[in-house]
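Visitor: this one's sequence-less:
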């Protein structure tokens, strides 16, 4: 049987054996039905949240993007237009080809504006290179 705590979370308590096979089977069937209903409600709730969190507001792919030489421990920043981005959204960035020690991050700094920061985490300069910069912005609320 499913009971509910003060927080609204279902707590499952499987039926105890009574010694009567018909009564035990009936109690088990009721418990399975309640368990299924609790899972269905939880799945719908989590599915709605996941759908909202996965809403892509905008994305950009910049081919042949020039990255300047970045000295050891230094960073380079660039602001890119991503239509649909709003402050508070999640911004995801990637750069290819892979450069060992290059950390790429992004954040929405204004409506339709994403700042990309490339940080050299090594003790040596990262040479200037051309590559593909990909940005994606997802709803944050």
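Guide: Sure thing, it's come through. The structure displayed is predicted, hence computed values, not measured ones.

Visitor: Which positions within the longest strand seen in the chain qualify as buried?
Guide: In the chain, assigned by DSSP state E, the strand with the most residues is strand 56-67. The neighbour-count check on strand 56-67 (16 or more other C-beta atoms under 10 Å) flags 57, 58, 60, 65, 67 as buried. Any C-beta I mention is one placed from the backbone N, CA and C, and that applies to glycine too.

Visitor: Output those residues as CSV; include the columns pLDDT and distance to residue 139.
Guide: Output for the buried residues of strand 56-67, formatted as CSV (pLDDT from 0 to 100; distance: C-beta to C-beta, whole Å):
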residue, pLDDT, distance to residue 139
57, 82, 6
58, 85, 10
60, 88, 16
65, 86, 25
67, 86, 29
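
Visitor: Mind putting the residues you listed into TSV with distance to residue 133?
Guide: Shown next, in TSV, are these (distance: C-beta to C-beta, whole Å):
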residue	distance to residue 133
57	18
58	14
60	8
65	4
67	8
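
Visitor: hey, where'd the strands end up in the protein?
Guide: 2-4, 10-12, 56-67, 75-81, 90-96, 102-110, 113-120, 129-138.

Visitor: coming back round to it: the longest strand of the chain pairs with which strands?
Guide: strand 129-138 (antiparallel) (DSSP bridges).

Visitor: Could you save the strands of the chain as JSON lines and add columns showing distance to residue 28?
Guide: Output for the strands of the chain, formatted as JSON lines (distance: least, C-beta to C-beta, whole Å):
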{"stretch": "strand 2-4", "distance to residue 28": "13"}
{"stretch": "strand 10-12", "distance to residue 28": "12"}
{"stretch": "strand 56-67", "distance to residue 28": "44"}
{"stretch": "strand 75-81", "distance to residue 28": "58"}
{"stretch": "strand 90-96", "distance to residue 28": "44"}
{"stretch": "strand 102-110", "distance to residue 28": "52"}
{"stretch": "strand 113-120", "distance to residue 28": "54"}
{"stretch": "strand 129-138", "distance to residue 28": "43"}
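
Visitor: And those strands: which comes nearest residue 29?
Guide: strand 2-4 (13.4 Å; C-beta to C-beta).
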